[in-house]
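Asker: This is a predicted model, with the sequence first.
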Amino acid sequence: MPITGIGMAARSGPLPCKPGQPRLCDTRRKPPTGHPAAAWQHCGMTVPARHRRTPATILAVNGPGIGSSIASQLMKQRAVFVATSLAVLVALTVPPWLALREARQQAYRAEADLALGYASDIVRRADDTEKQALAGIDQLARSGHAPCSAASQALMRHIDLTSIYLQAIGHVRDGVLVCSSMGDEPVPLGAQVFRSSTGVTLYASVPLRDGVKSPLLGFQKGNFAALIHRDLPLDAWTAVPGVSLAMMHLEFSRNGPPVTHRGHIERSWLARLGERREATIVMDGHLVALVRSRQFPTAGIAAVPVSYLDRRTSALARRFVPAGVIAGLALAAAICMLARRQLSLASALRQGLRRNEFFLAYQPIVELATGRWVGAEALLRWRRSNGELIGPDLFIPVAERTGTITKLTERVLELVARDVGDFLARNPAFHIAVNLSAADLNLPVTRTLLDKLLADAGATPSNLIVEMTERALLDIATAKPVIASLRSGGIEVAVDDFGTGYSSLSYLESFELDFLKIDRAFTEAIGTRSPTDQVVHHIIAMAQTMKLRIIAEGVETEAQAEYLLGRGVQFAQGWRFARAMPWSELRAAFEQRGSGSSRAPANDLADVR
Ligand SMILES: Nc1nc2c(ncn2[C@@H]2O[C@@H]3COP(=O)(O)O[C@H]4[C@@H](O)[C@H](n5cnc6c(=O)[nH]c(N)nc65)O[C@@H]4COP(=O)(O)O[C@H]3[C@H]2O)c(=O)[nH]1
């Protein structure tokens, strides 16, 4: 059966993956109506790189009034320039800023660790002191000796001598140490400062002699009290001068002063540091660290002047920021190079057009049931003046982004007309498939050129198929009337690379189409037992539901051909049958085969790539 009509293939951009679409790889479900590209992802596979669409491509496709005018090209170049400038600005500023932030964070971590270390030290010493004082008091209480008896005083002296932290321990009556390890001389404990919920009374300054400011703290529990030196918990060596240290009582010091302190301490810090066991914060010109005791309602506080943090930040920044600047410069240079390549490829494309560096290769399309060559797809090639051959996968996206694509399409249609001559007039059942881009859809000149091509070749509309990728169909408002007009003129339309974009089958149903082309990636998966193997089955089912004829691309093996034929696929393209070749070779081979013939060996014709 001959394929009739025209086709255009276009490159366009993604629709977002629609949530809730059926999994194409789930064979227990009915044939899905979702889009096969989503199936790649749903089946746990990555959409192949060649099928990923970039936002730039979406813009290229959906941008209004894409044309080949110089103004439009200038606008695109200006957009590339603006985007590049912005990217360069970001590249130059973000890495140094990140380096500075990292320096600040590392400096903060280092200073915070230092301050937390001091605060932990205070808590450890405070815990040890309080434990020793309470243990001594307990020992005295448990001894059962009469208060101030010789035995009791001997025990007091023993406790005093064997403890590291205690200055004295003794018997208390009415706020006076009536006898102690220091002797019988009574020592008034001074103003009672605080009585905690655990029954311990704290005396902030025990006066040893009248009028002399005493450095002693007193802990009283029951009828006994222990005296310690106030600086004991703070007796820590600090590497940096100007560090303030304090031991706070969590109940007493919340509203009152620290139990003991060295340097400047704000009362409010305790409340502002919150309830966590360890905390650090920068406030009042200090990096303040707090560590709470696990055993007593006490906490150690250490406050490092913020100038140390600043100094450490500066030192680290001197190391990190140059690296950030270098990284930023490297990134900016890479961005500039990429942009230059894009812009230079774009201008090389225009130059290539002026110098006639483009030509076409034609790949036969076969009828699977008979192996007959029923048509051929025109594939564009670019041989640059230096002999380099560039494939369409590389230059078509650039042409689409920069607006050169419409000029390329014009050249393709001119080349087809020149190549095929009167072949189509002599072989009315044969068709040529041409790829058109989304940008071409807006242009009346495309239609004029198609008509001219048919007129020059003495062909009928049924000699042409227009291929357009599913992404070109995203702009329904543009694509729908163009497709309708082509089809009403007798030109058929194929959706190309089906399954690689993001449009859904229901979306395709918005259009009147004739052919669906299964992308090579799905054909490759046939018989591999991969989830994609299931996808091809569903794509065929979808196309049949929509009553579309199917052309499978990239058929390389007999097994793939058999599989496709067995599932009702009518047409195929691929190296199993023939590679892309110059028109003269295709015509000679076609005439030699008498248009019929069964499947040719895969390598009987050289691929023009
Ligand atoms: N591995 C393998 N590959 C096979 C086999 N059979 C065919 N191919 C290759 O698969 C591509 C099929 O074309 P497409 O899907 O329309 O995909 C085309 C088409 O979308 C686009 N393109 C080509 N010419 C034009 C053009 O004139 N205009 C526009 N807008 N796009 C074009 O560039 C794409 C790539 O074209 P090509 O590089 O020529 O690559 C061609 C062809 O050489 C096979 O058995 N195995």
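Answerer: It's in.
Asker: near the ligand, which residues of the protein?
Answerer: 9, 363, 379-380, 391-393, 396, 412, 435, 437, 496-497, 520, 553-556, 573-575, 580 (C-beta under 6 Å from any ligand atom). In short, each C-beta sits where N, CA and C put it, glycine included.
Asker: out of the residues you listed, which are inside helices?
Answerer: 392-393, 396, 412, 520 (DSSP state H).
Asker: Just the buried residues from the residues of the chain next to the ligand, in ChimeraX please.
Answerer: Buried residues among the residues of the chain next to the ligand (16 or more other C-beta atoms under 10 Å), as a ChimeraX selection:
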select :9,363,379,380,392,396,412,435,437,496,497,520,553,554,555,556,573,574,575,580
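Asker: Mind checking the pLDDT average for the helix or strand harbouring residue 271?
Answerer: Using DSSP states H and E, residue 271 maps to helix 268-272. Computed over helix 268-272, the mean pLDDT rounds to 84.
Asker: Packing partners of that helix?
Answerer: Helix 268-272 is packed against helix 252-255, strand 278-283, strand 286-292, strand 298-305, with contacts defined by 3 or more C-beta pairs under 8 Å, 6 or more residues apart in numbering; DSSP states H and E.
Asker: Dump these into TSV; add mean pLDDT as well.
Answerer: Shown next, in TSV, are these (pLDDT from 0 to 100):
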stretch	mean pLDDT
helix 252-255	72
strand 278-283	93
strand 286-292	95
strand 298-305	93
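Asker: TSV for these, including distance to residue 191 and mean neighbour count?
Answerer: Shown next, in TSV, are the helices and strands packed on helix 268-272 (distance: least, C-beta to C-beta, whole Å; neighbours: other C-beta atoms under 10 Å):
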stretch	distance to residue 191	mean neighbour count
helix 252-255	13	16
strand 278-283	31	16
strand 286-292	27	25
strand 298-305	20	25
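Asker: any chance of the ones you listed in CSV, with distance to residue 367 too?
Answerer: Below are those laid out as CSV (distance: least, C-beta to C-beta, whole Å):
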stretch, distance to residue 367
helix 252-255, 91
strand 278-283, 78
strand 286-292, 80
strand 298-305, 84
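Asker: of all these, which lies closest to residue 562?
Answerer: strand 278-283 (71.1 Å; C-beta to C-beta).
Asker: per-residue pLDDT, residue 71?
Answerer: Per the predicted model, pLDDT is 56 at residue 71.
Asker: And for the one 5 residues further on?
Answerer: Note on residue 76: pLDDT of 65.
Asker: So residue 157 versus residue 412, what's the distance?
Answerer: 110 Å (C-beta to C-beta, to the nearest Å).
Asker: ugh, typo on my part, it should be residue 197
Answerer: Distance from residue 197 to residue 412, by C-beta to C-beta: 91 Å.
Asker: Where does the record place the domain boundaries for this structure?
Answerer: Split into domains by automatic domain parsing, the chain comes to 36-68+355-592, 103-234, 244-308.
Asker: looking at the ones you listed, which has the lowest confidence?
Answerer: domain 36-68+355-592 (a mean of 83).
Asker: Distance from the chain centre to that one, please.
Answerer: 33 Å (C-alpha atoms, centre = their mean, to the nearest Å).
Asker: Can you check which of the domains of the chain gets nearest to residue 85?
Answerer: Here domain 36-68+355-592 is closest among the domains of the chain (C-beta to C-beta), at 16.1 Å.
Asker: sorry, back to before: any chance of TSV for the domains of the chain, columns distance to residue 328?
Answerer: Output for the domains of the chain, formatted as TSV (distance: least, C-beta to C-beta, whole Å):
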stretch	distance to residue 328
domain 36-68+355-592	23
domain 103-234	15
domain 244-308	28
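Asker: Could you tell me how far the longest helix anywhere in the chain lies from the centre of the chain?
Answerer: The longest helix of the chain (DSSP H) is helix 70-143. Chain-centre distance of helix 70-143: 23 Å, with C-alpha atoms, centre = their mean.
Asker: Just want the angle from the helix or strand just after that helix to helix 70-143.
Answerer: Next helix or strand after helix 70-143 toward the C-terminus (DSSP H and E): helix 150-162. Here helix 150-162 points in a direction 150 degrees away from that of helix 70-143 (axes from the mean of the first three to the mean of the last three C-alpha atoms, to 10 degrees).
Asker: Now do stretch 189-198: distance to the chain's middle.
Answerer: With C-alpha atoms, centre = their mean, you get 60 Å for stretch 189-198.
Asker: thinking again about what came up before, the domains of the chain: which one's closest to residue 326?
Answerer: The nearest among the domains of the chain, by C-beta to C-beta, is domain 103-234 at 15.1 Å.
Asker: Just the terminal-to-terminal distance for the closest one.
Answerer: End-to-end distance for domain 103-234, by C-alpha to C-alpha, to the nearest Å: 31 Å.
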